[in-house]
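Novice: from the sequence below, what's the structure:
(3 chains, ligands or ions: 1)
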Amino acid sequence: MSTTSVDLHAHGHEAEHAHDPHHQHHFTTMEQQFDTSKIGMWLFLVTEVLLFGGLFVGFGMMQARYPREFVEAHTHLVRWQGALNTVVLLISSYTMVLAVNAAKKGIKSKQVLFLALTIVCACIFLVVKYFEYSHKFEEGWLPAKYYSYKGDSLPACMEKSAGPEAAAAAPTTPPAPCTNGYATFFSFYFMMTGLHGIHILVGIIILTWVLIRANRGEFSSSYYTPVDLVGLYWHLVDMIWIYLFPLYYLIQ
Amino acid sequence: MDQAIKTTPRIGDRPRPRKNYLNETRGFKSWAFTLDHKRIGIMYLIGVLFSFLLGGIFALLVRLTLLSPTHKIFGQVLLTAEQYNRVFTLHGAIMVFLFIIPAIPASLGNFVLPLMLGAKDVAFPRLNLFSFYLWLTGALMALTAMVFGAVDTGWTFYTPYSTTTDGPVTLMTAAVFVLGFSSIFTGLNFIATVHKLRAPGMGWFDLPLFIWGIYSTAVIQVLATPVLGITLVLLMLERSFGIGIFDPRIGGDPVLFQHFFWFYSHPAVYIMILPGMAIISELIPTFSQKTIFGYRAIAYSSVSLALVSFIVWGHHMFVAGQSQLATVVFSALTFLVAIPSGVKVFNWLGTMYQGNIKLDTPMLYAMSFLVLFAIGGLTGIFLGTLATDVHLTDTYFVVAHFHYVMMGSTVTAFIGGLHYWWPKMTGRMYSEKWGRVGCLLWNVGFNMTFLTQFFLGSKGMPRRYYNYLDQFQPLHAFSTVGSWIIGLGLFITAAYLLASLRKPADAPDNPWNGTTLEWQTSSPPITHNFEEQPVLEREPYDYRPVVAAR
Amino acid sequence: MSTQTQTATTHGANAHAKHEHGGTALYTKILIALLILTAITVFAAGFDFGQGNVVIALVIATIKASLVGLFFMHLVWDKPVNAVIAMAGFLFLGIFIMFCLLDFNTRNNFIPQNMTPTLVPLAPGTAPAGNVIRTNPAAGQAEGGEKK
Ligand SMILES: [Cu+2]
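Specialist: Sure thing, here's the model as predicted:
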């Protein structure tokens, strides 16, 4: 979305507006270009909100369907780990906004410092996530058909114990009450935190790219669009976690 | 009067520039890596028309199979029931996701929108190219799925059938997912362009109505398509792992899938129709040579259609197991759609009233649109009404209704717009005589094919069925013959349009005496669109001759 | 939709970019507020307010998200169009949720509530295990209890 050096060779009449190498030819002013990028980024964020939103709706509906199972399943999530990650992400948002601030003022050292701190926070988040995930893998709290935990108060229907032979043997005996609610909870848990985690991962990659460019001193008060846009993305990732945390870790 | 119009400076008889966007650079790479919105528009146009051809062939196959209840042509069974299911699914999926949704915005819109705004390009040229390649990737994935046996779920991918049936459903849904993102990026690009790249002096209410329509479309593309994306992801996961959200066998809710699907797919109907309306709003004033009647009403009705489209999706689920309260609410809300639609139609008619109407091919298509859209829109009211819909759900009545809206309206507008901007895009005039023949065949064939289906549907012929009662045969046969006439009409249209490309450039800069900015550049336009930045001095649709200071 | 300035803004408008807003002090205050709100959510989750818990959690989350949006994402100082776009996202998500809930909360459970789990009688070995229909009494009871 932003300019790269390819553009410098792309069009010939550079002399007309040679004052900024990042200026693309179809914009009249740099400010117009900046505002346009920002509108574009916000529109992209809206698509992200609706993408995650679909999962939130699905989660809500399934919770309404399996209230008991969802409450029971959520006790398997470690609350302090979720809280710690919330704090880490909030702090990373803070360092991100300071990085944008520094970029706007063209202070290179602070940009690099705060971008690096943001990346560190993102990595801490993923490390905590790793411990959370591996614990769940060990206990068999896995999504969908891989769910294998045995300690739930209602048995799962996913067990294929009653094959055709068993059904044929006792066609009149109804099976014991069973539920898919636990597996569905963990399906959603892994889908939503997983998609969020992918966004964190992508964020780390883009942040690193911006960090390298900042270190080269590419950003100044007249051009800091990439830092600003990555900042917006990063805050959105934080915002999504702000909703994920209470819905998963704190529901009663 | 006629004389006065011909002498307005808008029909510039400037010498044609030697270099234009088509011949400035040559070779495969100059197209494959182009950032020029005009070239990307042309590439989209080619892709979209190819999809239309493919989808059309499947449509003809479907109709041919239904010619007789035995499905025999010359003693041979044309398609078995399984093949029939795949063919109508391919027809639907290709026409919806590969053709109609990108048809007008991504091809004509891409070409015309920046020109109309007086801009050099769209806001994000690289994203525009990326969006085209996403479309291409999606198209290739869909074709691959087709080769590997094709899906038989219908284009709606309803669960639980789609989570249990064989065939490359996952690949097909992945293809649609990719196509969805192509659509999102096009919409995003257009919104940013309209906001920030308008020519000096062009306020929101100086925008041509085509832009208002495309802008409203873009709003839907950005807001609705992500939900389709996540729906398809959930469907793929349900199919592969059984996450238990849509499949009732593992505790899911199939009606929830329909909520997810139609939250996108009803607004998607407006992704298809709004650009059609946008084209009509250009054609009617231009060929009536009269200021548009009710500019603001049409502009606001585009935006309100876009917004209303988000609160009516439940009318697709009246008999699907939705709660009674929800069906009543959705049915009531559905009637809201009639208001902005009616506003538009009456304003177009008001524009034509006492206008200086010229019956050129684009205008013939525009007038066909008015008739076909009226039929499509009014039969929609039957279907939005809860009581009648329970009888008509999933019958040919629905098929006929949405073909009147999608094909009779959107495709008619698309063909009209293609003729309207053909001289601008290619620099060539097509054969007017054959244009009229094509339009006539299109209208005759279309009404033969689909008016018949209203009768079939109200008599109880269910949609998507392979077998039917013998008593329906005359109507089915009549409909099939109509499809051949459509095919012939489109074949003729393709032939004379392609033939026009073989002659040297002959189109004037402004063949229709249009007032929007795209007619002020040369035909075909130069690479950077305008020799100098155009400044808007007159309102759009002001056809009064400029009193020259000569 | 918004009152945007025309595209051809003069260079003078560039002054806006240099205009100082935000600043470390303000951002620090926002961070502290966010951390306090997080603590409140965790604390409030310890009490049982019934349905109120979800409401409280979502209200606090929304306040936090608004703080992030308004200050960290600069919406307070930005051109209003960005705020309109952001709001549109949440508004339409709200519409989606609202209508789904409208349906779900007023729907008869599509597996009848009084239906006891039954097996479809099968001839031996004719059909796979997948054809065994199982109802979900747990979910049915829970929803039925709320409804009538
Ligand atoms: Cu609809």
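
Novice: pretty sure residue B:514 is touching residue B:286, no?
Specialist: Yes - between residue B:514 and residue B:286 there is a contact at 4.9 Å, judged by CB atoms under 8 Å. Heads up, the C-betas are built off the backbone N, CA and C, glycines and all.

Novice: between those two, who's got more neighbours?
Specialist: Ranked by neighbour count (other CB atoms under 10 Å in any protein chain shown), residue B:514 and residue B:286 place residue B:514 first, with 27 against 24.

Novice: and that one, how close does it get to chain C?
Specialist: Residue B:514 sits 22 Å away from chain C, going by CB to the nearest CB, to the nearest Å.

Novice: same deal with residue B:385?
Specialist: Residue B:385 is 19 Å from chain C, where distance means CB to the nearest CB.

Novice: and residue B:462, backbone torsions?
Specialist: phi -70, psi 150 (degrees, to the nearest 10).

Novice: pretty sure it contacts residue B:397?
Specialist: No - using CB under 8 Å, residue B:462 is not in contact with residue B:397, being 10.2 Å away.

Novice: quick one, helices of chain C?
Specialist: Under the criterion DSSP state H, chain C carries helices at the ranges C:15-18, C:24-44, C:52-67, C:80-105, C:137-147.

Novice: which secondary structure elements does the longest one contact?
Specialist: Packed against helix C:80-105, as judged by 3 or more CB pairs under 8 Å, 6 or more residues apart in numbering or on different chains; DSSP states H and E, are the following elements: helix A:30-65, helix B:209-241, helix B:254-288, helix B:324-334.

Novice: would a markdown table of the ones you listed with distance to chain C and mean pLDDT be doable?
Specialist: Formatted as a markdown table, those follow (distance: least, CB to the nearest CB, whole Å; pLDDT from 0 to 100):
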| stretch | distance to chain C | mean pLDDT |
| --- | --- | --- |
| helix A:30-65 | 4 | 92 |
| helix B:209-241 | 5 | 94 |
| helix B:254-288 | 5 | 94 |
| helix B:324-334 | 4 | 92 |
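
Novice: among those helices, which comes closest to residue B:480?
Specialist: helix B:254-288 (24.8 Å; CB to CB).

Novice: quickly check: the closest one near chain A or not.
Specialist: Yes - on the criterion CB under 8 Å from any CB of the partner chain, helix B:254-288 is in touch with chain A at B:256, B:260.

Novice: next, the angle from that helix to helix B:209-241.
Specialist: Between helix B:254-288 and helix B:209-241, the angle comes out at 160 degrees (axes from the mean of the first three to the mean of the last three CA atoms, to 10 degrees).

Novice: which strands and helices sit next to helix B:254-288?
Specialist: Using 3+ CB pairs under 8 Å, 6+ apart, helix B:254-288 sits against helix A:30-65, helix B:101-102, helix B:209-241, helix B:295-308, helix B:338-352, helix B:361-384, helix B:412-426, helix C:80-105.

Novice: just the angle for that helix relative to helix B:338-352, thanks.
Specialist: 10 degrees.

Novice: run the chain-centre distance for helix B:254-288.
Specialist: Per CA atoms, centre = their mean, to the nearest Å, the displacement of helix B:254-288 from the mean C-alpha position of its chain is 8 Å.

Novice: what's the angle from it to helix B:412-426?
Specialist: Angle of helix B:254-288 versus helix B:412-426, following the same axes, to 10 degrees, is 60 degrees.

Novice: just the pLDDT for residue 197.
Specialist: Chain wasn't specified; assuming chain A. What the model reports as pLDDT for residue A:197 is 95.

Novice: oops, I was thinking of chain B
Specialist: With respect to pLDDT, residue B:197 scores 92.

Novice: any idea what sits nearest it, other than its immediate chain neighbours?
Specialist: residue B:119 (3.9 Å; CB to CB, 6 or more residues apart in numbering or on different chains).

Novice: give me the secondary structure label for that neighbour.
Specialist: With DSSP: H, G, I helix; E, B strand; the rest coil as the basis, residue B:119 sits in coil.

Novice: test my guess that it contacts residue B:529.
Specialist: Yes - using CB under 8 Å, residue B:119 is in contact with residue B:529, at 7.2 Å.

Novice: what's the residue nearest to residue B:197 sitting at in phi/psi?
Specialist: Note on residue B:119: backbone dihedrals following degrees, to the nearest 10 are phi -100, psi 160.

Novice: what's near enough to touch it?
Specialist: Contact analysis of residue B:119 by CB atoms under 8 Å, 6 or more residues apart in numbering or on different chains lists A:26, B:193, B:197-199, B:529.

Novice: in CSV: these, plus neighbour count and secondary structure.
Specialist: Listed next are these as CSV, based on neighbours: other CB atoms under 10 Å in any protein chain shown; DSSP: H, G, I helix; E, B strand; the rest coil:
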residue, neighbour count, secondary structure
A:26, 23, coil
B:193, 28, helix
B:197, 23, coil
B:198, 23, coil
B:199, 19, coil
B:529, 25, strand
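
Novice: can you redo those residues as JSON lines with distance to residue B:422?
Specialist: Formatted as JSON lines, the contacts of residue B:119 follow (distance: CB to CB, whole Å):
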{"residue": "A:26", "distance to residue B:422": "25"}
{"residue": "B:193", "distance to residue B:422": "23"}
{"residue": "B:197", "distance to residue B:422": "25"}
{"residue": "B:198", "distance to residue B:422": "26"}
{"residue": "B:199", "distance to residue B:422": "24"}
{"residue": "B:529", "distance to residue B:422": "18"}
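
Novice: pull the most distant pair out of the residues you listed.
Specialist: Longest span within the contacts of residue B:119, CB to CB: B:198 and B:529, 13.6 Å.

Novice: overlap in contacts of those two?
Specialist: Common neighbours of residue B:198 and residue B:529 (CB under 8 Å, 6+ apart) are B:118-119.

Novice: tell me the contacts of residue B:507?
Specialist: Neighbours of residue B:507 in contact, by CB under 8 Å, 6+ apart: B:423-424, B:426-429, B:523.

Novice: try 10 Å this time
Specialist: B:16, B:422-430, B:500, B:522-524 (CB atoms under 10 Å, 6 or more residues apart in numbering or on different chains).

Novice: and for residue B:462 and residue B:397, which residues touch both?
Specialist: Counting by CB under 10 Å, 6+ apart, the common neighbours of residue B:462 and residue B:397 are residue B:456.

Novice: neighbour count: the two, which is higher?
Specialist: residue B:397 (26 against 15).

Novice: so where does the nearest residue to that one once chain neighbours are set aside fall, helix or strand?
Specialist: Spatial nearest neighbour of residue B:397, excluding adjacent residues (CB to CB, 6+ apart): residue B:457 at 2.8 Å. Taking DSSP states H and E as the definition, one finds residue B:457 inside helix B:432-458.

Novice: distance between that helix and the chain's centre?
Specialist: For helix B:432-458, the distance to the chain centre is 18 Å (CA atoms, centre = their mean).

Novice: do stretch A:139-158 as well
Specialist: For stretch A:139-158, the distance to the chain centre is 26 Å (CA atoms, centre = their mean).

Novice: okay, buried residues for that stretch please.
Specialist: Neighbour-count burial for stretch A:139-158, counted by 16 or more other CB atoms under 10 Å in any protein chain shown, picks out A:141-147, A:149, A:152, A:154, A:156-158.

Novice: next, count neighbours for the residue lying closest to residue A:180 once chain neighbours are set aside.
Specialist: Nearest non-adjacent residue to residue A:180, counting by CB to CB, 6+ apart: residue B:251, 3.3 Å away. The local packing of residue B:251 (other CB under 10 Å) involves 29 other residues.

Novice: quick revisit: what are the buried residues along the helix holding residue B:457?
Specialist: In helix B:432-458, counting by 16+ other CB under 10 Å, buried: B:434-435, B:437-439, B:441-443, B:445-458.

Novice: what do you get for stretch A:196-207?
Specialist: Buried residues in stretch A:196-207, counting neighbours by 16+ other CB under 10 Å, are found at A:196-197, A:199-200, A:203-204, A:207.
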